[in-house]
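In: Give the three-dimensional model of this entry:
(one chain, ligands or ions: 1)
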Amino acid sequence: MQVVKYVFQPHGDDRGQLVALEEFKDIPFTIKRVYYMYDTGDGVVRGHHAHKSLQQILICVHGSCKIKLDNGKETKVVPLERPYEGLYVSNVMWREMFDFSPDAVLMVLASELYDEADYIRDYDEFLEFVKNVGDTTDGES
Ligand code: T46
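Out: Model (predicted):
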């Protein structure tokens, strides 16, 4: 599985840092939705699902967390601990978010509006979906 992590350009000066993200320049899709999670309790694991079509970029804009990616054949754990790094999560990828620091703010840029019908919440169903669609679209080899 190929993990795609973007390193964005911080525009720093003596006031601090600023990161700007533009669709198709820094982000490989149209950004239709932004959401973020914070105040995540100790030991909490979020996610536990995949998406049929949705593509996303996860950015831990404050604090740190870890993302487990599972394409049905392989799993990888990716730490997110810098506000200028973004993890690309393709469709057909099981994800879990865990090990949130108390101050973590995980922001997500999404290619589609919220649609419950796009979620696969059952792991066996996910494995079946992977089998039927063939390889995931994350460029793995
Ligand atoms: C994903 C990971 C990284 C909405 O009303 N609109 C939204 O856009 C989202 C994302 C959620 N919600 C509601 C649905 C639930 O009642 O917010 C509640 C929590 O959502 P969920 O349990 O799906 O959150 P996570 O952290 O398990 O998963 C989220 C995204 O849903 C998912 O697409 O890839 O973050």
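In: just checking, Ile65 touches Arg82?
Out: Quick fix: residue 65 reads Cys, not Ile. No: using C-beta atoms under 8 Å, Cys65 makes no contact with Arg82, being 11.7 Å away. For glycine as for every other residue, the C-beta is placed from the backbone atoms N, C-alpha and C.
In: more crowded one of those two?
Out: Cys65 (22 against 15; other C-beta atoms under 10 Å).
In: give me every residue that touches the residue lying closest to that one once chain neighbours are set aside.
Out: The shortest distance from Cys65 to any non-neighbouring residue, by C-beta to C-beta, 6 or more residues apart in numbering, is to Phe100 (4.5 Å). By C-beta atoms under 8 Å, 6 or more residues apart in numbering, the contact list for Phe100 reads 40, 44, 63-65, 106.
In: Including distance to Ile57 and pLDDT, could the residues you listed go into JSON lines?
Out: Listed next are the contacts of Phe100 as JSON lines, based on distance: C-beta to C-beta, whole Å; pLDDT from 0 to 100:
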{"residue": "Thr40", "distance to Ile57": "19", "pLDDT": "98"}
{"residue": "Val44", "distance to Ile57": "21", "pLDDT": "98"}
{"residue": "Gly63", "distance to Ile57": "17", "pLDDT": "98"}
{"residue": "Ser64", "distance to Ile57": "17", "pLDDT": "98"}
{"residue": "Cys65", "distance to Ile57": "14", "pLDDT": "98"}
{"residue": "Leu106", "distance to Ile57": "11", "pLDDT": "98"}
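In: just the buried members of these?
Out: Neighbour counting with 16 or more other C-beta atoms under 10 Å marks 40, 63, 65, 106 as buried within those.
In: can you tell me which of these are up against the ligand?
Out: Filtering those for proximity to the ligand by C-beta under 6 Å from any ligand atom leaves nothing.
In: Let me know the closest of those to Val3.
Out: Distance to Val3, by C-beta to C-beta, is smallest for Cys65 among these, at 15.2 Å.
In: mind pulling up the phi and psi values for the closest one?
Out: phi -160, psi 180 (degrees, to the nearest 10).
In: What separation do you get for it and Glu96?
Out: 10 Å (C-beta to C-beta, to the nearest Å).
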